[in-house]
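In: predicted model and sequence follow; I will ask about them next.
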Amino acid sequence: MDNSKLKMLLNFSYPGEAYIAKSHLEAEGIDCFITNENLLTINPLLSHAVGGVKLMVREEDYERAKEILEAPEINSDEWNSE
């Protein structure tokens, strides 16, 4: 990713959930970044303490990314925006 500002799109309890969302965004050409994945893979009990696994996108891609993940064929009731 370049030096664009990043914005948190979603947060998840487990890394696997974040990777599913990330794959949908990447398939649509949106670059994204996952934080806290290594920490929570090692110790999932820390999820609430660190705010979960965060899916980050560029500020300019935020609205489009949100629309993609809210599409009925993709949307999961467990995915919550900010």
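Out: Nice, thanks for sending it over.
In: so Asn11, which of the three states?
Out: For Asn11, the assignment made with DSSP: H, G, I helix; E, B strand; the rest coil gives strand.
In: tell me which residue is most central in this protein.
Out: Leu55 (2.3 Å; C-alpha atoms, centre = their mean).
In: pretty sure it sits against Lys7.
Out: No - with contact defined as C-beta atoms under 8 Å, Leu55 does not count as touching Lys7 (10.1 Å). C-beta coordinates here come from the backbone N, C-alpha and C atoms, glycine included.
In: in the sheet, who's paired with the residue nearest to the centre of the chain?
Out: Leu10, Ile34 (DSSP bridges).
In: pLDDT wise, what is it at?
Out: Among the per-residue scores, Leu55 holds a pLDDT of 97.
In: could you list the buried residues of the longest helix anywhere in the chain?
Out: In terms of residue count, the longest helix belonging to the chain (DSSP state H) is helix 15-27. Of all the residues in helix 15-27, those buried under the rule 16 or more other C-beta atoms under 10 Å are Pro15, Glu17, Ala18, Ala21, Lys22, His24, Leu25.
In: low-confidence ranges in this protein?
Out: The model of the chain has pLDDT under 70 over residues 1-3, 75-82.
In: returning to that earlier point: show me what contacts the residue nearest to the centre of the chain?
Out: Going by C-beta atoms under 8 Å, 6 or more residues apart in numbering, Leu55 touches Met8, Leu9, Leu10, Asn11, Phe12, Ala18, Ala21, Lys22, Leu25, Cys32, Phe33, Ile34.
In: out of the buried residues of helix 15-27, who's nearest Leu46?
Out: Within the buried residues of helix 15-27, the smallest distance to Leu46 is 12.3 Å, found for Pro15 (C-beta to C-beta).
In: contacting residues for that closest one?
Out: Ile34, Glu37, Leu40, Thr41, Val53.
In: for those, please prepare a markdown table with the additional fields neighbour count, distance to Glu73 and secondary structure.
Out: As requested, the contacts of Pro15 are exported to a markdown table (neighbours: other C-beta atoms under 10 Å; distance: C-beta to C-beta, whole Å; DSSP: H, G, I helix; E, B strand; the rest coil):
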| residue | neighbour count | distance to Glu73 | secondary structure |
| --- | --- | --- | --- |
| Ile34 | 16 | 22 | strand |
| Glu37 | 17 | 25 | helix |
| Leu40 | 21 | 28 | helix |
| Thr41 | 12 | 28 | helix |
| Val53 | 26 | 23 | strand |
